[in-house]
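**Student:** heads up, no residue letters with this:
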């Protein structure tokens, strides 16, 4: 059976651009962890080519095994001299083989919940209640490490300020200087962000206001669809994308701002996701052009620096979907540079994936832990008290690992640190 008309077949040009040079190998966390060429970008591209050529069938369990072990971090794209669109190829391949080999049950359940607010809201409410009662922290001590990790991740979201001297106050405050109005922005509040990191969303709104942006609500928004697209459930991802496009069109803001790297990467791809839908393709492209990561908006404004000098030691870990997928690097550095009330310390291999990758750490826990291990080692070497990163999955994956290791190091979003600095006062510049 020819696969030329499948999602993977339509991406053949991108597949053919690979020259098999191997520059992607040291940039691939699963290749480094598993030392198997089949679990490298080059190896997976060979498998995709074999699918299209008919050398292997799309119901071959070996193909699914190696594609499923990919984090989709897209670090290989940054390293690739030929510009291979690996992320698109991976999603297309997964969508193609899912026809004959359905996703694992755990993945199907999680994706179903995230696609339906009627299920997601009570699930997140239950998680918040369990966190408030301290149940995840108890489970961490009772369960073996592999089973304890999801509970450690949830526990980490409730210990953000433990062991730090960062202010608990808020930037209620600082008003932008006269004439600093930069436009209007609507925030994608997100699923996990609003459910478990509500404070980050409110901090994002305050920090943007301090830097001249006027916030507008966008009623009717929903999950961005990243989890579904990455898993090969493109139909659900498209349905969610249409709802978001309509919601933010109605909101009327100049820009759509993201404080989750994974969501931002997905929303910037809406034009590609809906390219085959004549009714929505132009609207999707227009929407994607308005999407900006919060670091990008803040960098345009400077951002305004905090006052003070030194303080708690903070290391920055770059989210893969910010650095590799969106190629947002300098703006993140600009935000870090504005944190004058903390001491920034270097984190070796900060461009390497932490092993979160959406629901990867739930469906591939063993691989995720092997990928996380060197990240935790580098954090220990850095002497950091806080690890700053701009993605909920990374906050929880790294945070969960720190909980399991009994470390007092906590994870924070960079805008939280900026917000707390503003509460102490604005610096010169």
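**Tutor:** Good, I have the coordinates. For clarity, every value in this text was computed on a predicted model and none was experimentally measured.
**Student:** C-alpha from now on. contacts and neighbour counts both.
**Tutor:** Will do.
**Student:** quick check, pLDDT for residue 178.
**Tutor:** pLDDT for residue 178: 53.
**Student:** for the strand or helix carrying residue 129, packing partners?
**Tutor:** Element membership of residue 129, judged by DSSP states H and E, is helix 117-133. For helix 117-133, the elements it packs on are helix 105-115, helix 145-156, helix 192-196, judged by 3 or more CA pairs under 8 Å, 6 or more residues apart in numbering; DSSP states H and E.
**Student:** ok, then the element right after the helix or strand containing residue 62?
**Tutor:** Here residue 62, judged by DSSP H and E, is contained in helix 61-68. Using DSSP H and E, the helix or strand that directly follows helix 61-68 along the chain is helix 75-79.
**Student:** continuing past that next one, what's the next helix or strand?
**Tutor:** Following helix 75-79 in sequence, per DSSP H and E, is helix 86-98.
**Student:** that next one versus helix 61-68: what angle between them?
**Tutor:** With axes from the mean of the first three to the mean of the last three CA atoms, to 10 degrees applied, the angle from helix 86-98 to helix 61-68 works out at 140 degrees.
**Student:** helix 86-98 packs against which elements?
**Tutor:** So helix 86-98, by 3+ CA pairs under 8 Å, 6+ apart, packs with helix 12-16, helix 61-68, helix 75-79, helix 226-231.
**Student:** so what touches the longest one?
**Tutor:** The reference is to helix 61-68. 38, 39, 44, 47, 90, 94, 97, 101 (CA atoms under 8 Å, 6 or more residues apart in numbering).
**Student:** picking up where we left off before, out of the helices and strands packed on helix 86-98, which gets nearest to residue 382?
**Tutor:** helix 75-79 (22.2 Å; CA to CA).
**Student:** what residues are up against the residue most central in space within the chain?
**Tutor:** The centre of the chain sits closest to residue 262, judged by CA atoms, centre = their mean, with a distance of 3.0 Å. Residues counted as contacts of residue 262 (CA under 8 Å, 6+ apart) are 226, 321, 322, 358, 391.
**Student:** repeat for residue 414
**Tutor:** Counted by CA under 8 Å, 6+ apart, residue 414 has contacts 335, 336, 388, 389, 390.
**Student:** so who does the second one touch?
**Tutor:** What that stands for is residue 336. 344, 414 are the contacts of residue 336 under CA under 8 Å, 6+ apart.
**Student:** give me the distance from the strand or helix carrying it to the chain's centre.
**Tutor:** When elements are defined using DSSP H and E, residue 336 is found to belong to helix 330-337. Between the centre of helix 330-337 and the centre of its chain there are 18 Å (CA atoms, centre = their mean, to the nearest Å).
**Student:** average pLDDT for it, rounded please.
**Tutor:** Helix 330-337 comes out at a mean pLDDT of 95.
**Student:** need the next SSE after it, C-terminal direction.
**Tutor:** Helix 330-337 is succeeded, C-terminally, by strand 343-345 (DSSP H and E).
**Student:** ok, residues contacting the helix-or-strand element of the chain with minimal mean pLDDT?
**Tutor:** Lowest by mean pLDDT, DSSP states H and E among the helices and strands of the chain is helix 360-363, with a mean of 88. Here helix 360-363 makes contact (CA under 8 Å, 6+ apart) with 71, 104, 106, 107, 150, 355, 367, 368, 369, 397.
**Student:** swap in 6 Å and give it another go.
**Tutor:** Residues outside helix 360-363 that contact it (CA atoms under 6 Å, 6 or more residues apart in numbering): residue 368.
**Student:** got CSV for the contacts of residue 262, with pLDDT, secondary structure and neighbour count too?
**Tutor:** Output for the contacts of residue 262, formatted as CSV (pLDDT from 0 to 100; DSSP: H, G, I helix; E, B strand; the rest coil; neighbours: other CA atoms under 10 Å):
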residue, pLDDT, secondary structure, neighbour count
226, 96, helix, 24
321, 96, helix, 25
322, 97, helix, 24
358, 87, coil, 21
391, 96, coil, 27
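**Student:** in a markdown table: those, plus distance to residue 295.
**Tutor:** Formatted as a markdown table, these follow (distance: CA to CA, whole Å):
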| residue | distance to residue 295 |
| --- | --- |
| 226 | 20 |
| 321 | 13 |
| 322 | 10 |
| 358 | 21 |
| 391 | 12 |
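**Student:** what residue ranges in the chain are flagged as low confidence?
**Tutor:** Along the chain, the model assigns pLDDT under 70 to residues 1, 159-179, 429.
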